[in-house]
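*Asks:* Quick one: sequence and predicted model below, then my questions.
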Number of protein chains: 2
Amino acid sequence: MQNTDVLIVGGSAAGITAAITARKHYPEAEITLIRKEEKVLIPCGIPYIVGTLESPEENLIPDTVLSNNNVNIIIDEVTSINKGAKIVSTAGGRTIRYKKMILATGSLPVVPPISGIDLDNVFVVKKEIAYLKNLLKALDEARDVVIIGGGFIGLEFADECRKRGNLNVTVVELLPHCLLVACDEEVCTLVEKKLQERGINILADRRAKALIGNGKVQYVELENGQKIRADVVILGIGVTPNIELAQKAGLEVVEGGGICVDEFMRTSDKDIFAAGDCAQKRCFFTGGPSFLRLASIATMEARVAGANLFRLRRRGECPVGVFSTVIGDLAIGSAGMTERSAKEAGFNVVAGMAKAPDKHPASIPGTKELGVKLVFEKETGILLGGQVWGGVTTGLMANFIGALIQKKMRADEIVIFQVGTHPMLTASPIAHQIQNAAEIALAKMKEGVLRV
Amino acid sequence: MQNTDVLIVGGSAAGITAAITARKHYPEAEITLIRKEEKVLIPCGIPYIVGTLESPEENLIPDTVLSNNNVNIIIDEVTSINKGAKIVSTAGGRTIRYKKMILATGSLPVVPPISGIDLDNVFVVKKEIAYLKNLLKALDEARDVVIIGGGFIGLEFADECRKRGNLNVTVVELLPHCLLVACDEEVCTLVEKKLQERGINILADRRAKALIGNGKVQYVELENGQKIRADVVILGIGVTPNIELAQKAGLEVVEGGGICVDEFMRTSDKDIFAAGDCAQKRCFFTGGPSFLRLASIATMEARVAGANLFRLRRRGECPVGVFSTVIGDLAIGSAGMTERSAKEAGFNVVAGMAKAPDKHPASIPGTKELGVKLVFEKETGILLGGQVWGGVTTGLMANFIGALIQKKMRADEIVIFQVGTHPMLTASPIAHQIQNAAEIALAKMKEGVLRV
């Protein structure tokens, strides 16, 4: 029997951040992190091992982030929790007694129940080095790759596969456009155009019905009968919370939603916390269930859970959802709701859009256009969401918009919000996208009012 | 006698933005902008005409931003205002009757009263094409350039001069470090190291006593007796509000402070507004006088003034001050107060600092370190300022910090603030600079409290 003050189950973004936070807040506690994986992949970096990086080993989170914080690491798998006795058992035969525990068991890739899904060379996005090396090996021998799912991960894999130079890449997306869950149609269209420029085939509004092959996959068959050659299939259609361990332990869970937690990230057991993909989330805007699963949300929750272990010190926030990605030389980002999702949720919305060069004057070498769309609730003027497209500053522009959303700012406040500007680093202050998009939206809100 | 509903005096950042805003809010008003300059330079772009850009003509704000908004342009100089009759007179012999007026007369470079200041080849930073062409011509024939003033503009000129390849460049700074008004010593030191790497001589803690020459400047003499060769001298030691016209018209002004305005940007005459460098400002943090003069503050004020002309629609905000710049491949930014200036203002402060690669994993090509320092008020935990150093995303990171300052966020809120992350565009969510700097500062605030 081992003993530890704090036991963290899971070693990805949430687990690591929970351990570091616990160390900061409880300097004298013994903290132990237990995980299955010998080495930990950076989850968001996984698509980049296919093209930009040389190997999965270039995409690791070093254990020094834990050892520097005096966190014990055990490589093993927790198989059961006796929450009455506060003891866990592991596949490796260990029993560990804890005072406080944080479950950070993450999520599992969704595998659709279609025929042929078990064929060789059909891959999901697993956070396992050996598995991903098999994917790379299969890509080495492939000519035709089909990616099922045109969300962020799917498109990143598609773009990275093209960087290998010799692959025909097709993306099959169920919705009318790629990225439609995170972006409005005008941004999706920009991305699709860029994907096509880069030689990627897009089949949107199409459902994969079956995978066909003989041992190995050879074709993806769509519901409309079309068959697409495929030496490799990559499935990127989302994740589902990994709640098995929690459920077996008798903690409250919601099937497909996650381990139930309160705003302090406590589960139904007062000594067990949960954070990250495995934890249930509520929508920032509607209070309803949220299916956002992002590393940045996981770390936020872990910073709450880790601080609250022995004292309640922090309340978590509902996830806003801030994304960004890059396809070729086009970066896009999205924060909060899209115009479409806000309307679907029942909001009466107005949007404003503004574009400007991302340096000023535009004659400065390397200048690109950066566009912003902001979506406001019409009645209150409160910012519900924003989208960005442009160059390398897009990710931080999405974060800037995310900040305005989290602080529930109104269009009339945003229009005079202060930003710094510099010729080499930002748009001109006259043409700044955030203020101008807000001003355009304001004019729509006040139609008929804006007269002398 | 001409007539116009709205007369805007001044054609730079504030004047243009005021005109565009007025057009959006008062669609049917006749709007006229009067300015001295035939063509309008982008103010922050001026240093870049020396190296990065080919000529001043590449650094212009096109008149289409006005004509597209149906704003009349008059090239002339207002010489007096009869505010009783609501008529202005111009150097060109015009008289113009207005209903509402916005003064956006900007600022003038400070010229220190030292001997030799009138010698040839001694330049200030004027927003005039012909004047700047003379500067360029002088640089063409120069070998030694001395820049007096190691603030943003001075350092940008220094770096741009070095880009010409053949110039010895020396910066003379009165304070112990360059940039010390906007940054703490550790950031100043980074910048100075970069300047030196780029072959620029820094003479900090030195006062220029006299300029020496025969017709043309030949030497800068320092108070310690040192003489520095100088074929060209550029003075970048700040600006003073251009209030002459307002003062002559009998409007309330504060010498060196600007035209007095209320939160609606109204002057002491209810039909005359002022915005930009010419307008008085109060410090966001202390309520005392603010000497910040930035294009981004000017446009914020112009968006207030332009909206309020015929109805009060917006309250302005006190300037926070968000800067950024680039020296070589190092970008730095600053928002709000520095640790030093906050202490000088009487705040009890704690700071937290965090560095991380600006992409993740750091093996992604083009990754640079991005560091953040956050300064909090110890008693309340409220963010007072932040500084950033790194690559091209630095400008927007400074803006992100500026947003947190404007919303008066506390360290305990910032530590769980949501940001989006992406391998190509940001730090890892585990190592994110903003949250980690806040966590470090929090630990300092709560010393002795953070125990099991």
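*Replies:* That came through, no problem.

*Asks:* so what's A:F264 closest to, chain neighbours aside?
*Replies:* A:N308 (4.8 Å; Cβ to Cβ, 6 or more residues apart in numbering or on different chains). For the C-beta atoms, the positions are set from N, CA and C on the backbone; glycine is no exception.

*Asks:* where's that neighbour relative to A:I102, distance?
*Replies:* As for A:N308, its distance to A:I102 is 10 Å (criterion: Cβ to Cβ, to the nearest Å).

*Asks:* contacting residues for the residue nearest to A:F264?
*Replies:* For A:N308, the contacting residues are A:F264, A:M265, A:R266, A:F273, A:R314, by Cβ atoms under 8 Å, 6 or more residues apart in numbering or on different chains.

*Asks:* Can you tell me which of these is closest to chain B?
*Replies:* Checking those against chain B with Cβ to the nearest Cβ, the nearest one is A:R314 at 6.2 Å.

*Asks:* Quick one: classify that closest one as helix, strand or coil.
*Replies:* Here A:R314 is coil, with the state taken from DSSP: H, G, I helix; E, B strand; the rest coil.

*Asks:* neighbours of it, just the number please.
*Replies:* Using other Cβ atoms under 10 Å in any protein chain shown, the number of residues around A:R314 comes to 23.

*Asks:* From what I see, it and A:E263 are in contact.
*Replies:* No. Using Cβ atoms under 8 Å, A:R314 is not in contact with A:E263; the gap is 9.0 Å.

*Asks:* that older thread, out of the contacts of A:N308, the closest to A:L245 would be?
*Replies:* Using Cβ to Cβ, the shortest approach to A:L245 within these belongs to A:F273, at 13.8 Å.

*Asks:* Over to the closest one. Which of the three states is it?
*Replies:* Strictly by three-state DSSP, A:F273 counts as strand.

*Asks:* Show me what it is bridged to.
*Replies:* Per DSSP bridges, the residues bridged to A:F273 are A:I102, A:R266.

*Asks:* pLDDT score for it?
*Replies:* A:F273 is assigned 98 on the pLDDT scale.

*Asks:* try A:E54
*Replies:* Reported pLDDT for A:E54: 84.

*Asks:* burial count for it?
*Replies:* A:E54 has 9 neighbours, counted by other Cβ under 10 Å.

*Asks:* ok, it - contacts?
*Replies:* Neighbouring residues of A:E54 by Cβ under 8 Å, 6+ apart: B:S363.

*Asks:* And the helices in chain A?
*Replies:* Assigned by DSSP state H, the helices in chain A fall at A:13-25, A:64-67, A:129-140, A:152-163, A:185-197, A:244-248, A:295-308, A:339-344, A:394-406, A:411-414, A:433-445.

*Asks:* For the residue nearest to A:F264, give its distance to A:A18.
*Replies:* Distance from A:N308 to A:A18, by Cβ to Cβ: 10 Å.

*Asks:* which neighbours do these two share?
*Replies:* A:F273.

*Asks:* Contacts for stretch A:292-300, please.
*Replies:* A:12-14, A:17, A:43-44, A:104, A:107, A:238-239, A:241, A:275-277, A:281, A:316-317, A:319, A:321-323, B:416-421, B:428-430, B:432, B:435.

*Asks:* got it, and stretch A:241-252?
*Replies:* A:9, A:78-83, A:103, A:105-108, A:253, A:255-260, A:267-269, A:272, A:274, A:277-280, A:293.

*Asks:* what stretches of chain A score poorly on pLDDT?
*Replies:* A:447-452 (pLDDT under 70).

*Asks:* any residues in contact with both of A:N308 and A:I102?
*Replies:* Joint contacts of A:N308 and A:I102 (Cβ under 8 Å, 6+ apart) are A:M265, A:F273.

*Asks:* What residues of stretch A:191-208 count as buried?
*Replies:* A:V191, A:E192, A:K194, A:L195, A:R198, A:I200, A:I202, A:L203, A:A204, A:R206, A:A208 (16 or more other Cβ atoms under 10 Å in any protein chain shown).

*Asks:* Pipe the residues you listed into a markdown table and attach distance to B:L370 per row.
*Replies:* A markdown table is the format used below for the buried residues of stretch A:191-208 (distance: Cβ to Cβ, whole Å):
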| residue | distance to B:L370 |
| --- | --- |
| A:V191 | 26 |
| A:E192 | 31 |
| A:K194 | 26 |
| A:L195 | 29 |
| A:R198 | 28 |
| A:I200 | 31 |
| A:I202 | 34 |
| A:L203 | 39 |
| A:A204 | 36 |
| A:R206 | 41 |
| A:A208 | 41 |
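
*Asks:* does stretch A:26-45 come close to chain B?
*Replies:* Yes. Legend: contact between stretch A:26-45 and chain B by Cβ under 8 Å from any Cβ of the partner chain is shown at A:Y26, A:P27, A:E28, A:A29, A:I42, A:C44, A:G45.

*Asks:* Output that stretch as PDB - backbone C-alpha positions only.
*Replies:* The C-alpha trace of stretch A:26-45 is given here as PDB (Å, rounded to 0.1, in the frame of the first residue of the first chain):
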ATOM      1  CA  TYR A  26      -0.200  23.100  -1.200                       C
ATOM      2  CA  PRO A  27       3.600  23.400  -1.000                       C
ATOM      3  CA  GLU A  28       4.000  20.600   1.600                       C
ATOM      4  CA  ALA A  29       1.600  18.000   0.100                       C
ATOM      5  CA  GLU A  30       2.800  14.800  -1.400                       C
ATOM      6  CA  ILE A  31       1.500  14.800  -4.900                       C
ATOM      7  CA  THR A  32       1.400  11.700  -7.200                       C
ATOM      8  CA  LEU A  33       0.300  11.600 -10.800                       C
ATOM      9  CA  ILE A  34      -0.500   8.200 -12.300                       C
ATOM     10  CA  ARG A  35      -0.900   7.600 -16.000                       C
ATOM     11  CA  LYS A  36      -0.900   4.800 -18.500                       C
ATOM     12  CA  GLU A  37       1.400   6.300 -21.100                       C
ATOM     13  CA  GLU A  38       5.200   6.000 -20.800                       C
ATOM     14  CA  LYS A  39       5.500   9.300 -22.600                       C
ATOM     15  CA  VAL A  40       2.900  12.100 -23.000                       C
ATOM     16  CA  LEU A  41       2.000  13.500 -26.400                       C
ATOM     17  CA  ILE A  42       0.900  17.200 -26.700                       C
ATOM     18  CA  PRO A  43      -2.700  16.500 -27.700                       C
ATOM     19  CA  CYS A  44      -3.200  19.500 -30.100                       C
ATOM     20  CA  GLY A  45       0.200  18.800 -31.700                       C
END
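
*Asks:* OK, contacts around the nearest residue to A:V392 once chain neighbours are set aside?
*Replies:* Nearest non-adjacent residue to A:V392, counting by Cβ to Cβ, 6+ apart: B:V392, 5.6 Å away. B:V392 is in contact with A:V392, A:T393, A:M424, A:L425, B:A331, counting by Cβ under 8 Å, 6+ apart.

*Asks:* my guess is A:F347 meets A:F376, correct?
*Replies:* No. A:F347 lies out of contact with A:F376 (Cβ under 8 Å); the separation is 9.2 Å.

*Asks:* Next one: A:V6 from B:A438, what distance?
*Replies:* For A:V6, the distance to B:A438 - Cβ to Cβ - is 22 Å.

*Asks:* So if I had to pick from the two, which one is more boxed in?
*Replies:* Higher neighbour count among A:V6 and B:A438: B:A438, with 30 against 26, using other Cβ under 10 Å.
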